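Q: only geometry, no sequence info:
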């Protein structure tokens, strides 16, 4: 038997070598499993400790590098030239100076200088003001902005891509623009104002949710982490430094006594919609579980076969127009790698992110204190109502019937969409600030010098959004049971998630998942600090 085993091993090695030397496709990907996975096609899904081994043709065909989910492109004159991932696990001292993320965040860094070894004074002097994009919930649905990725759940800010001047109706050749407009004003990305060192707005590209949280606070890990991904509105030449990427991050934690968080219910329904569409296109049965208030409302529709779901299809298509997605460019950040991959081509003209003048306009004339007071009162009223319903009508227990009852009273179409929805639920203006990297390949972040240049600028809010366990469990299930969409190069119409999934051995139901990069060791060049009430007063 030994010679046969040897032959099999040799065959695998030959297949892997051939796959990695294929000059037209780079299909290595990443996983959150502890060890590398060798796929049947000969490519690897690399474990976190080996993400640095992912090979892509950074000088050529980066569109064909399937490991780089976050494609921070050079649309505003920035570059990604290599895989920046390093394995610097907490407590092992392997890397020396580095900017790898995520890290453990310590409240002690916000202490007064000289009062603690970790103290590092916050230099920020005002809260992060945020203003919504012009994208409504209806436009996001139409543009297929809600997707289930291998690493988590995503909401994109939809863009239109023009690669052919003949198809370009707004006079912007070879570029992208936000696919949401308000008549008379144009289109505007969501934008946020950082204090100290950034004179221009940061603009919202997309939102990712990781389960559990990637960062920890004083050693505590939360149930989930929302990451609002941004790009800088000033080019590297204009700013004098590559300050191109930033993330505003918000924790979520589930509590039995918490009401379902209103915005989260709305977007969970959209991810379920996407799940249904993918399964139908793949000729698969719809899932056999329901979620309160999501389509369809009647359970008997769930029992229909794929061939009998005309009624359900009509529900889905009634509010959705046909959308032709670009195969590689789905968000504003994807423009950066598109240009980077063609930088050695003398005939290539850079694709630009086209932004109407309103993106750089002055702040809105808005009474933010009144707005925050109104939001705070509304959330408190919702919590009080949920608790009364739970105690008086449902025997003190959370049930799907209570959940749907609560949704009908306070959510559905009456809940106005807000693309910065996590910034309301967190109910704080105070945050950790540090210079780090992306948390998924290519882990963009400069680790060569004592500098903040070419880093991912993190702002991590100090308090979690309170959500209900039913919401948390549904998000876990969506990621764990992800199916690769029809047309996927890898695992088309097959189960395909990067997460580690734990299931009940008897019911096979999802118990837990892990789709977060392990903590990296903190170093002084992360410039970690904490900005709190002593730095400016809160509106909450």
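A: Yep, it's here. These numbers were taken from a predicted model, which means no experiment stands behind them. Numbering: from 1, shown residues only.

Q: Can you give me the pLDDT of residue 343?
A: pLDDT recorded at residue 343 is 53.

Q: what pairs with the closest residue in space to residue 147 that isn't next to it in sequence across the strands?
A: Closest residue to residue 147 apart from its sequence neighbours, by Cβ to Cβ, 6 or more residues apart in numbering: residue 154 at 4.9 Å. To be clear about C-beta, it is placed using only N, CA and C from the backbone, and glycine gets the same treatment. Residues in a beta bridge with residue 154, per DSSP bridges, are residue 147, residue 208.

Q: Can you give me the distance of the residue nearest to residue 427 when sequence neighbours are not counted to residue 468?
A: Leaving aside its sequence neighbours, residue 427 sits nearest to residue 540 (Cβ to Cβ, 6+ apart; 5.2 Å). Remark: distance between residue 540 and residue 468 (Cβ to Cβ, to the nearest Å) = 21 Å.

Q: With neighbour numbers in mind, choose between these two.
A: Higher neighbour count among residue 540 and residue 468: residue 468, with 22 against 15, using other Cβ atoms under 10 Å.

Q: For the nearest residue to residue 97 once chain neighbours are set aside, which three-state class applies?
A: Closest residue in space to residue 97, ignoring its immediate chain neighbours: residue 525 at 5.2 Å, by Cβ to Cβ, 6+ apart. Using DSSP: H, G, I helix; E, B strand; the rest coil, the three-state assignment for residue 525 comes out as helix.

Q: give me the low-pLDDT residue ranges for the stretch 151-300 of the chain?
A: Across the stretch 151-300 of the chain, the ranges flagged by pLDDT under 70 are 161-176, 234-243, 295-300.

Q: where exactly do the strands run in it?
A: Listed in chain order, the strands of the stretch 151-300 of the chain (DSSP state E, counting those that start in this stretch) span 153-156, 159-162, 175-178, 191-193, 202-210, 216-217, 220-221, 224-232, 245-254.

Q: Compare these and report which one is nearest to residue 498.
A: Nearest of the strands of the stretch 151-300 of the chain to residue 498, taken as Cβ to Cβ: strand 202-210 at 10.7 Å.

Q: the inter-axis angle of that closest one versus strand 245-254?
A: 40 degrees (axes from the mean of the first three to the mean of the last three Cα atoms, to 10 degrees).

Q: Could you name the helices and strands sitting against strand 202-210?
A: The contact analysis (3 or more Cβ pairs under 8 Å, 6 or more residues apart in numbering; DSSP states H and E) places strand 202-210 against strand 153-156, strand 191-193, strand 224-232.

Q: Nearest to residue 185 among the strands of the stretch 151-300 of the chain would be which one?
A: Nearest to residue 185, of the strands of the stretch 151-300 of the chain and by Cβ to Cβ, is strand 175-178 at 11.8 Å.

Q: quick one: residue 383 and residue 259 touch, right?
A: Yes - in this structure residue 383 lies within contact range of residue 259 using Cβ atoms under 8 Å: 5.3 Å.

Q: Residue 149 touches residue 208, doesn't it?
A: Yes - using Cβ under 8 Å, residue 149 is in contact with residue 208, at 7.4 Å.

Q: ok, the two, which is more surrounded?
A: Higher neighbour count among residue 149 and residue 208: residue 208, with 22 against 17, using other Cβ under 10 Å.

Q: can you give me phi and psi for the nearest residue to residue 430 once chain neighbours are set aside?
A: Nearest in space to residue 430, with sequence neighbours left out and distances taken as Cβ to Cβ, 6+ apart, is residue 532 at 4.5 Å. The phi/psi pair for residue 532 (degrees, to the nearest 10) reads phi -140, psi -160.

Q: And for residue 532, the neighbour number?
A: Residue 532 has 18 nearby residues by other Cβ under 10 Å.

Q: pLDDT value on it, please?
A: For residue 532, the pLDDT comes out at 89.

Q: what pairs with residue 456 across the strands?
A: So, taking DSSP bridges as the rule, residue 456 has residue 245, residue 436 as bridge partners.

Q: how about it, what does it touch?
A: 99, 101, 245-247, 435-438, 444-445 (Cβ atoms under 8 Å, 6 or more residues apart in numbering).

Q: 6 Å instead?
A: Shown in contact with residue 456 (Cβ atoms under 6 Å, 6 or more residues apart in numbering): 245, 436-438, 445.

Q: Out of those residues, which is nearest to residue 424?
A: Among the contacts of residue 456, residue 245 lies closest to residue 424 (Cβ to Cβ), at 23.9 Å.

Q: Give me the residue ranges of the stretch 1-150 of the chain where confidence is low.
A: 1-25, 57-65, 69-81.

Q: could you pull out the strands for it?
A: Going by DSSP E, counting those that start in this stretch, the stretch 1-150 of the chain shows strands at 29-30, 37-38, 44-46, 104-105, 129-131, 146-148.

Q: follow-up on the earlier one: looking at the contacts of residue 456, which one is closest to residue 49?
A: Closest approach between those and residue 49, by Cβ to Cβ: residue 437, at 15.5 Å.

Q: nearest spatial neighbour of that closest one, skipping sequence neighbours?
A: residue 445 (2.7 Å).

Q: just residue 356 next, same as before
A: Residue 356 sits nearest to residue 186 (Cβ to Cβ, 6+ apart), 3.4 Å away.

Q: Can you name the residues bridging to the one you found?
A: residue 182.

Q: That one against residue 358, yeah?
A: Yes - applying Cβ atoms under 6 Å as the test, residue 186 and residue 358 come out as touching, 5.3 Å apart.

Q: May I ask you to name the longest helix in this protein?
A: helix 368-393 (DSSP state H).

Q: Buried residues in that one, which are they?
A: Judged by neighbour count using 16 or more other Cβ atoms under 10 Å, the buried positions of helix 368-393 are 372, 375, 379, 382, 386, 389-390.

Q: Let me see the mean pLDDT of it.
A: 90.

Q: Could you list every helix and strand in contact with that helix?
A: On a contact count with 3 or more Cβ pairs under 6 Å, 6 or more residues apart in numbering; DSSP states H and E, helix 368-393 meets no helix or strand.

Q: what about 10 Å?
A: helix 262-281, helix 400-410, helix 421-425 (3 or more Cβ pairs under 10 Å, 6 or more residues apart in numbering; DSSP states H and E).

Q: winner for burial among these?
A: helix 421-425 (a mean of 22; mean count of other Cβ atoms under 10 Å).

Q: what residues are up against residue 201?
A: Residue 201 is in contact with 129-131, 188-194, 230, 232-234, 359-361, 363, counting by Cβ atoms under 10 Å, 6 or more residues apart in numbering.

Q: again, but for residue 364
A: Applying Cβ under 10 Å, 6+ apart, we find residue 364 in contact with 129, 131-132.

Q: 8 Å instead, please
A: Neighbours of residue 364 in contact, by Cβ under 8 Å, 6+ apart: residue 131.
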